[in-house]
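Peer 1: Fold the following, please.
(chains A and B, ligands or ions: 2)
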Amino acid sequence: MKVAVCVKQIPDPADPGALDPSTNTLKRDVKLILDESDSYGVEMALQLVDAAGGGEVTLISMAPNNEVNGLRTALAMGADKAILVSDDALAGSDALGTSKVLAAAIARSEPDLVLAATESSDGYTGTVPEQIAELMGLPSVTFAKSIEVADGAVKVQRQTEEGYDDVECPLPCLVSVTAGVVEPRYPSFKGIMAAKSKPVDEVSIADLGIDAGSVGWAGGGQEIVSVIDAPVRDAGEIIEDEGEAYERIVAFLDELKVI
Amino acid sequence: MSVGTIWVLAEATDGTVASITLEMLAKARELSDNVECVFGGDGALVATELGAHGASAVHATGDLAGKLPGPAIAGAIAAAISGGAAPVAILCGTTYGGRDVAGRLSVKLDASVITNIVDLTNDGGLVGTEPVFGGSQLVNTRFTSDKPGIFLVRPKSFEAAETGGGAATVAALAIPDLGPSGAARVTNSFVEQSEGPKLDEAAVVVSGGRGLGESEKFELIESLAAKLGAAPGASRAIVDAGWVPYSYQVGQTGKVVKPDVYIAAGISGATQHLVGMKGSKTIIAINKDSEAPIFGVADLGIIGDVHKVLPQLLEALNARG
Ligand SMILES: Cc1cc2nc3c(=O)[nH]c(=O)nc-3n(C[C@H](O)[C@H](O)[C@H](O)COP(=O)(O)OP(=O)(O)OC[C@H]3O[C@@H](n4cnc5c(N)ncnc54)[C@H](O)[C@@H]3O)c2cc1C
Ligand SMILES: Cc1cc2nc3c(=O)[nH]c(=O)nc-3n(C[C@H](O)[C@H](O)[C@H](O)COP(=O)(O)OP(=O)(O)OC[C@H]3O[C@@H](n4cnc5c(N)ncnc54)[C@H](O)[C@@H]3O)c2cc1C
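Peer 2: Ligands and ions are numbered 1, 2, ... in the order given. This is a model prediction of the structure:
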C-alpha cells in the first residue's frame, strides 16, 4: 500500500516567534522542525504499511528555503522518501494556495491513502486536509481517532461533538488524524543515519504545473487590515501556599456565590 | 448599514440546534437584515428554533442517509450558488462538521476561508477578527474578491439571542451528484456521555493537568467538580496520556469554555490551553511553579502543591455540607 503523509515544517512552538510587521506573516528566519501534530500521521502510515504487508510511505511538504530538517526527522522514523515543494512564489500563500500545491505534489506519488493532521500547530486553519481532498476529487474522513484498512477501504472512528462515529470510505481517500491516534516512535540512531541518504525530491511550482498567479501573495483571496494587541486581563491575587491557601479559595468561591 | 444576505450553517443533534449555530445567528442578525440557514437534515425539525433566533429561511437537504455531512452540504451550497443564490457570507462553526463544509466549499468556489474568528464587523465589507499567539494579538482580515466570504467562527464568541421571529421557511436544498468525493458513509454513532453538566455549558469548570502526576489523581478533580456542581475538564497533556477521554479537553483543539469560574489545577497555561478558557469570568489556578503562565490570567493564583491544596479544599467544602 502506498501512503502519502503531509508533514508541515514549522518554527519551534516553544519559541513561536512573531508576525513580521511588514508582511503580517510569521517570521521564518529560524530552522524549521517537524510539526509534532504530523508525527502521528507518519507513525500511522508506517503502521498501516506494515499491517498491509508492505508498501511505501512518501512525505509531502511545502516549505521555504528548501528546508529538510523536519523531513529528515520523519524519514528517520522510517518513511521511505519525500517530495518537497519550495519556491519563492509561494511566500504568503493562504491555506487554499497551500492546498493546491500539496494536492499537485501528492498526485505525483500516486497514493492509495493520503494522511494529514487535523490542524497544524502554527497556522491551525484546519482547512487544508478537506481542501486537498476536494482538489483531488477524493472522499475523506477527518478527525480520525483510529484507522484500519481492509478490503480496499478504510474504517475510521471519527471524533464528533458527542463521541464518535464509525465511518467507512473506499480507497483512494484522505484521512486527517487527531493527536494521540497512535504513539509516535522516536527515531533510532540507525534510522537517523539511514535518513541522511533517503531521497528528497525537490520540486518547484513550475514542475507541478502550477501558475504562480494562483498561489502566494498573488493568489491570496484575503488581506490583513490591521493587527492589534488584545486587551490584557487585570493582574490577579497570587499567594504562596503555606498550608492555608485552601481557605482563601473557599472564601473566594463564597464571594463568587459558587458555594 | 445592513450587508447582504448572510447564510449560517446550522448544526443540530436530535433536533436540538447547537449553541454555536444560535451564537452565529445572533451576530449575523446584527450585521444583516436577512439571515438564512443551511442545514444538512430535515428542515422541519429545526425551523422553529432557527426562526426564533432570527433566521428567515432554512435551506435543508433532507435526511443525509448516512452520507458524511461535509462534502454533501458543501456540494449543495455550491450548487445553490451557481444556481443564482448570492449570500455575501457563509458562516460555519469551528466544529467537526463546520470545518469540513468550509474546506470543501472553499475549493468549489475557489475562495479562501477566514478561520478561527471571534468577531465579525462591517467596515465597508465584512472583517473577521482572529486571535493569534494565544490571544495576545488580534488580526483583522477581509476578503479581496467579491465571492461569498467563508468564515469559520470559534464557539462562544457571541451570545445567542432570541428575536421572537416565527418559524423559518423551509426550502429544499438539492445535493448534486458528488462522484467519488461523496463516498464516505457513517455506519454507526456513539455517544460518550459524562455525568453532570456539559463542559461547554457549565457555570463552573474544574480542570486538571499533568501536574496531578498520575491518572488516579484525576479523582481529585472529579470530586471537586461534583462538590461544586461543575464539569470536569482537562489539558491536552492528560488527554493524550489517556487519563481522560478527548471530550474533556479544553483548548484550541478541544472545547472553548466560558464559565463563571474556571479552576485550573496542575496546568501550566500553554497558549493552546489559554485560548480555550481565557474568556472565563473568573479564573483560579493552582500550580507549584510561580512562573507558570497560567498565573498570568488568574484572578486568584495559589503557588502550591495540588496534592496538598485539593484534598484540603475538598475537606473544607465537605465540612460545610
Ligand atoms: C496566525 C495565522 C493565521 C492564519 N489565518 C489564515 C486564514 O484565516 N485563512 C487562510 O487561508 N490562511 C491563514 N493562514 C495561512 C495558513 O496558515 C497557511 O497558508 C498555511 O500554509 C496552511 O494552513 P495551516 O497551517 O493553517 O493548515 P492546516 O489546515 O491547519 O493544516 C492541517 C494539516 O495539513 C498539512 N499541511 C498544512 N500545511 C502544510 C505544508 N506546508 N506542508 C505539508 N503539509 C501541510 C499538515 O498535515 C497539517 O497538520 C494563517 C497563518 C497564520 C500564521
Ligand atoms: C496544535 C496544538 C494544539 C494543542 N491544543 C491543546 C488544547 O486544545 N488544549 C490543551 O490543554 N493543550 C493543547 N496543546 C498542548 C499544549 O501546548 C500543552 O502541551 C498542554 O496544554 C500542557 O498540558 P499541562 O499544562 O497539563 O502540562 P504541562 O505543561 O506539563 O504542565 C504541568 C504543570 O503542572 C505543574 N505541576 C507539576 N506538579 C505539580 C504539583 N504537584 N502541584 C501543582 N502543580 C504542579 C507544573 O509546574 C506545570 O506548570 C496543543 C498543542 C499543539 C501543538
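
Peer 1: Quick check: the residue of the stretch 51-200 of chain B nearest chain A.
Peer 2: Going by CB to the nearest CB, chain A is nearest to B:G103 of the stretch 51-200 of chain B, at 2.7 Å. C-beta here means a position set from N, CA and C on the backbone, and glycine is covered the same way.

Peer 1: Check which helix or strand that residue maps to.
Peer 2: For B:G103, the host element (DSSP states H and E) is helix B:96-109.

Peer 1: A:I147 too?
Peer 2: Using DSSP H and E, A:I147 falls within strand A:140-150.

Peer 1: before we move on, back to that, next, the buried residues of the very next helix or strand once past the helix holding B:G103.
Peer 2: Along the chain past helix B:96-109, the next helix or strand (assigned with DSSP H and E) turns out to be strand B:113-117. Neighbour-count burial for strand B:113-117, with 16 or more other CB atoms under 10 Å in any protein chain shown as criterion, is recorded at B:113-117.

Peer 1: contacting residues for the residue in the stretch 151-259 of chain A positioned nearest to ligand 2?
Peer 2: At 7.1 Å from ligand 2, A:A179 is the closest residue in the stretch 151-259 of chain A, using CB to the nearest ligand atom. Residues near A:A179 by CB atoms under 8 Å, 6 or more residues apart in numbering or on different chains: A:36-37, A:40, A:117, B:236, B:240, B:253.

Peer 1: Please report the distance of it from B:R236.
Peer 2: Applying CB to CB, to the nearest Å, the value for A:A179 to B:R236 is 7 Å.

Peer 1: Mind listing the shared neighbours of the two?
Peer 2: Listed as contacting both A:A179 and B:R236 by CB under 8 Å, 6+ apart are B:T253.

Peer 1: Counting neighbours, which of the contacts of A:A179 comes out on top?
Peer 2: A:A117 (28 neighbours; other CB atoms under 10 Å in any protein chain shown).

Peer 1: Which residue, other than its chain neighbours, is closest to that residue?
Peer 2: A:S37 (3.8 Å; CB to CB, 6 or more residues apart in numbering or on different chains).

Peer 1: How many neighbouring residues does the residue of the stretch 51-200 of chain B closest to chain A have?
Peer 2: Neighbour tally, B:G103, other CB under 10 Å: 33.

Peer 1: If we ignore the residues flanking it in sequence, what's nearest it?
Peer 2: Nearest to B:G103 is A:E130, by CB to CB, 6+ apart, at 2.7 Å.

Peer 1: just to confirm, which helix or strand has that neighbour in it?
Peer 2: helix A:128-136.

Peer 1: quick one, that helix and strand B:113-117 angle?
Peer 2: Helix A:128-136 and strand B:113-117 are oriented at 160 degrees to each other (axes from the mean of the first three to the mean of the last three CA atoms, to 10 degrees).

Peer 1: helices and strands around helix A:128-136, which ones?
Peer 2: On a contact count with 3 or more CB pairs under 8 Å, 6 or more residues apart in numbering or on different chains; DSSP states H and E, helix A:128-136 meets strand A:2-6, helix A:95-108, strand A:113-117, strand A:140-150, strand A:173-177, helix B:69-82, helix B:96-109.

Peer 1: Put together JSON lines for the ones you listed, with mean pLDDT on each row.
Peer 2: Conversion of the helices and strands packed on helix A:128-136 to JSON lines gives the following (pLDDT from 0 to 100):
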{"stretch": "strand A:2-6", "mean pLDDT": "98"}
{"stretch": "helix A:95-108", "mean pLDDT": "97"}
{"stretch": "strand A:113-117", "mean pLDDT": "98"}
{"stretch": "strand A:140-150", "mean pLDDT": "96"}
{"stretch": "strand A:173-177", "mean pLDDT": "98"}
{"stretch": "helix B:69-82", "mean pLDDT": "98"}
{"stretch": "helix B:96-109", "mean pLDDT": "97"}
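
Peer 1: now the ones you listed in JSON lines, with distance to ligand 2?
Peer 2: Below are the helices and strands packed on helix A:128-136 laid out as JSON lines (distance: least, CB to the nearest ligand atom, whole Å):
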{"stretch": "strand A:2-6", "distance to ligand 2": "14"}
{"stretch": "helix A:95-108", "distance to ligand 2": "15"}
{"stretch": "strand A:113-117", "distance to ligand 2": "8"}
{"stretch": "strand A:140-150", "distance to ligand 2": "13"}
{"stretch": "strand A:173-177", "distance to ligand 2": "13"}
{"stretch": "helix B:69-82", "distance to ligand 2": "21"}
{"stretch": "helix B:96-109", "distance to ligand 2": "14"}
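
Peer 1: Redo these as CSV? Include distance to B:L224.
Peer 2: CSV is the format used below for the helices and strands packed on helix A:128-136 (distance: least, CB to CB, whole Å):
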stretch, distance to B:L224
strand A:2-6, 41
helix A:95-108, 40
strand A:113-117, 34
strand A:140-150, 28
strand A:173-177, 33
helix B:69-82, 37
helix B:96-109, 30
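
Peer 1: Nearest to B:G182, out of these?
Peer 2: B:G182 lies closest to helix B:69-82 among these, at 4.9 Å (CB to CB).

Peer 1: Would you indicate which residues of that closest one are buried?
Peer 2: Neighbour counts using 16+ other CB under 10 Å place B:69-81 of helix B:69-82 among the buried residues.

Peer 1: wait, isn't A:A63 in contact with A:A82?
Peer 2: No: taking contacts as CB atoms under 8 Å, A:A63 lies outside contact range of A:A82: 10.7 Å.

Peer 1: the more surrounded of the two?
Peer 2: Ranked by neighbour count (other CB under 10 Å), A:A63 and A:A82 place A:A82 first, with 26 against 20.

Peer 1: Kindly state the beta-bridge partners for the more buried one.
Peer 2: Under DSSP bridges, the beta-bridge partners of A:A82 are A:L59, A:V200.

Peer 1: picking that back up, next, the contact list for the residue nearest to B:G103, please.
Peer 2: Counted by CB under 8 Å, 6+ apart, A:E130 has contacts A:140, A:142, A:176, B:70, B:99-100, B:102-104.

Peer 1: What would I type in ChimeraX if I wanted to highlight the buried members of the residues you listed and nothing else?
Peer 2: The ChimeraX command for the buried members of the contacts of A:E130 (criterion: 16+ other CB under 10 Å) is given here:
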select /A:140,142,176 /B:70,99,100,102,103,104
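
Peer 1: how about the contacts of A:E130 in a markdown table, adding distance to A:K31?
Peer 2: As requested, those are exported to a markdown table (distance: CB to CB, whole Å):
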| residue | distance to A:K31 |
| --- | --- |
| A:S140 | 32 |
| A:T142 | 30 |
| A:S176 | 26 |
| B:G70 | 36 |
| B:R99 | 30 |
| B:D100 | 34 |
| B:A102 | 32 |
| B:G103 | 30 |
| B:R104 | 35 |
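
Peer 1: and ligand 1, which of the contacts of A:E130 contact it?
Peer 2: Filtering those for proximity to ligand 1 by CB under 6 Å from any ligand atom leaves nothing.

Peer 1: Filtering the buried residues of helix B:69-82 by proximity to chain A, which remain?
Peer 2: Contacts with chain A are made by B:70-71, B:74 out of the buried residues of helix B:69-82, judged by CB under 8 Å from any CB of the partner chain.

Peer 1: just these now: which is nearest A:A52?
Peer 2: Proximity of those to A:A52 (CB to CB) peaks at B:P71, which lies at 26.0 Å.
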